[in-house]
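Q: No letters, just coordinates:
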């Protein structure tokens, strides 16, 4: 049997190619090995499920058997997961999905691990890294631009990454306050008719923003920051007449804003502040879809250098791979009708 052996830059792993197209990866650091394999071999099982190849684990060796292309894809994925574990000492299911993302693999071939993870956001509960080339571009814009607009389907990380950057800047005292907002279209913004105080009325519509916060910082700490005003969660209507200074403000679900509302939000920017506008043009809930000001605003503002516009598509979805296929199918159906 002809064996082609490749040594990784680190002495922690070696890769052996056999003439039957199988690949054997030896990981000599047991902590890294167990991190990559996962409890009950769950990480390897996920890679099997997504690719169709068979993966065998014994001792310090991981053997990949299947189609040549998929074997190489898994090898790249495992090397990505090794780097991810070295950096953050843990691997999430989302890391498994990212490890198979072609943009991340291409980046890894051309860059060092430090460069690949260069846009990392550290929060008390986890370190957050971009999981696609477009996400890296988005995070860079979130850090460097004053106003950022991002358009694209669900699952591309628009809200989560914006909250992660905002929270890291708040904890580093680069801003004094985070403001999270969205239009309450489902309630027609007639919040006075709903039971409870303002927080009770608006909370259900802001649940995705809360979910992102709780994933990055402990519940008690989030509540204290809300009580102190360091984190403010409010309906879009409450932005009128304000000037936001030393703040990081995020407008979510902006596809459900009118031209007047989105202009009102964008003109709230004050000294040392950032404004982020996120939306999915395919999920407009307004009675008249032509009333949405999101796409129009993108076209109007794209020539202003201080404003960054990021367009995501189905290739940037980093949830379950099936979500990517669903988004792609609907996008194709919409294009066919157009």
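A: Nice, I can see it. Please read all numbers here as calculations on a predicted model, not as lab measurements.
Q: pLDDT below threshold where in the stretch 151-300 of the chain?
A: For the stretch 151-300 of the chain, applying pLDDT under 70 flags the ranges 185-202.
Q: run the last query once more with 80
A: For the stretch 151-300 of the chain, the stretches with pLDDT under 80 are 184-206, 287, 289-291.
Q: show me where it has helices.
A: Using DSSP state H, counting those that start in this stretch, the helices found in the stretch 151-300 of the chain span residues 158-171, 198-202, 207-216, 219-228, 259-266, 294-301.
Q: Point out the most buried one among the ones you listed.
A: helix 158-171 (a mean of 24; mean count of other Cβ atoms under 10 Å). (Glycine included, C-beta is placed from N, CA and C.)
Q: could you give the angle of that one to helix 207-216?
A: Going by axes from the mean of the first three to the mean of the last three Cα atoms, to 10 degrees, helix 158-171 is angled at 50 degrees with respect to helix 207-216.
Q: So which elements touch helix 158-171?
A: For helix 158-171, the elements it packs on are strand 121-122, strand 127-128, helix 133-144, strand 147-151, strand 177-182, helix 207-216, strand 247-251, strand 274-279, judged by 3 or more Cβ pairs under 8 Å, 6 or more residues apart in numbering; DSSP states H and E.
Q: Go through these and name the closest to residue 299.
A: The closest of the helices and strands packed on helix 158-171 to residue 299 is strand 147-151. By Cβ to Cβ, the value is 10.7 Å.
Q: Summarise which helices and strands the closest one is packed against.
A: Applying 3+ Cβ pairs under 8 Å, 6+ apart, one finds that strand 147-151 contacts helix 133-144, helix 158-171, strand 274-279, helix 294-301, strand 307-311.
Q: How far away from the center of its chain is the longest one?
A: Mean C-alpha position of helix 158-171 versus that of the full chain (Cα atoms, centre = their mean, to the nearest Å) differs by 10 Å.
Q: Contacts made by it with the rest, please.
A: With Cβ atoms under 8 Å, 6 or more residues apart in numbering as the test, helix 158-171 has contacts from 121-124, 128, 130, 135, 138-139, 142-143, 148, 150, 152, 175-178, 180, 208-209, 212-213, 215-217, 225, 230-231, 248, 250, 252, 274, 276, 278, 312.
Q: Domain boundaries for this structure, per the record?
A: According to automatic domain parsing, the chain comprises the domains 3-116, 121-316.
Q: Once you drop chain neighbours, what's closest to the residue nearest to the spatial centre of the chain?
A: Centroid check for the chain by Cα atoms, centre = their mean gives residue 157 as the closest residue, at 2.8 Å. Spatial nearest neighbour of residue 157, excluding adjacent residues (Cβ to Cβ, 6 or more residues apart in numbering): residue 135 at 5.4 Å.
Q: coming back round to it: now distance to residue 48 too, for the helices and strands packed on strand 147-151, in TSV please.
A: Formatted as TSV, these follow (distance: least, Cβ to Cβ, whole Å):
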stretch	distance to residue 48
helix 133-144	26
helix 158-171	27
strand 274-279	34
helix 294-301	40
strand 307-311	33
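Q: Which one, of those, ends up nearest to residue 259?
A: Taking the helices and strands packed on strand 147-151 one by one with Cβ to Cβ, helix 294-301 is closest: 5.9 Å.
Q: tell me what the closest one is packed against?
A: Helices and strands touching helix 294-301, as assessed by 3+ Cβ pairs under 8 Å, 6+ apart, comprise strand 147-151, helix 259-266, strand 274-279, strand 307-311.
Q: The helix or strand hosting residue 26 pairs with which strands?
A: In this structure, residue 26 sits in strand 23-27 according to DSSP states H and E. When pairing is defined by DSSP bridges, strand 23-27 lines up against strand 13-18 (antiparallel), strand 61-65 (antiparallel).
Q: What residues sit buried inside the helix or strand just after that strand?
A: As assigned by DSSP H and E, the chain's next helix or strand after strand 23-27 is helix 30-37. Buried residues in helix 30-37, counted by 16 or more other Cβ atoms under 10 Å: 32-33, 35-37.
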